[in-house]
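A.B. asks: Attaching a predicted model along with its sequence, questions to come.
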Amino acid sequence: MLRRNGIFTATILSAALAMTAAVAHAQKKDPNVGGAPMFPTKNIVQNAVNSKDHTTLVAAVKAAGLVDTLESAGPFTVFAPTNEAFDKLPAGTVQTLLKPENKGELVKILTYHVVAGRLSSKDLMKQIKKGNGKAMLKTVSGGTLTATMAEGKIMLTDEKGGMATVTIPNVYQSNGVIHVINAVLLPN
């Protein structure tokens, strides 16, 4: 009987270890954004071009000449608006910004979505807590975003009072981290 119990215990233990390994592997799985896996070994641009939810952002980054910057070592924290976020802008805004004569304004808007360094959602929450409910984030454009928490989600407020919610946090890249947001943030 002891031999049988030992075999039974070993079998149960082996099954439990296999399940634990499977759960750990599933938790490390690269997140999907826009139907595509985001690989932490690729840079921000290499991953973003595969997301069908970010085609407008990718087109804007190319039109602004920011591809080389966002492929550099960084690290960067990018708050990445989805196509739906760009669709919320007044009609014709995106088409106007993509024109060569508006490149300066486009660069200012896009770099307003970028913060130097690699800030995870945990880092952002620590800054919010330390700032008594607010974290002031200096953007690459020189502007400021205000990060707060609402209903367990990170919220960003731009200098004009517009707000965006982080819908997919912590999409790690080789040169930073992306947080997907549901609105375009606008600098002053």
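C.D. replies: Okay, I see it. Residues are numbered from 1 along each chain as shown.
A.B. asks: switch to C-alpha atoms for all contacts and neighbour counts from now on
C.D. replies: OK.
A.B. asks: which of the residues in stretch 63-71 are buried?
C.D. replies: Residues of stretch 63-71 classed as buried by neighbour count (16 or more other C-alpha atoms under 10 Å): 63-64, 66-67, 70-71.
A.B. asks: Show me the shaky parts of the chain.
C.D. replies: 1-30, 35, 43 (pLDDT under 70).
A.B. asks: all helices of it, in order?
C.D. replies: 2-28, 44-48, 55-63, 67-71, 83-87, 93-97, 103-111, 121-130 (DSSP state H).
A.B. asks: returning to that earlier point: which single one of the buried residues of stretch 63-71 is nearest to residue 180?
C.D. replies: The closest of these to residue 180 turns out to be residue 70 (C-alpha to C-alpha; 15.7 Å).
A.B. asks: So the closest one is in contact with residue 45, correct?
C.D. replies: Yes. Under the criterion of C-alpha atoms under 8 Å, residue 70 makes contact with residue 45 at 6.3 Å.
A.B. asks: Output the longest strand belonging to this protein.
C.D. replies: As assigned by DSSP state E, the longest strand anywhere in the chain is strand 163-173.
A.B. asks: Pairing partners for that strand, with directions?
C.D. replies: Strand 163-173 has the following strand partners under DSSP bridges: strand 153-157 (antiparallel), strand 176-181 (antiparallel).
A.B. asks: So for the first one, what gets flagged as buried?
C.D. replies: Buried residues in strand 153-157, defined by neighbour count with 16+ other C-alpha under 10 Å: 154-157.
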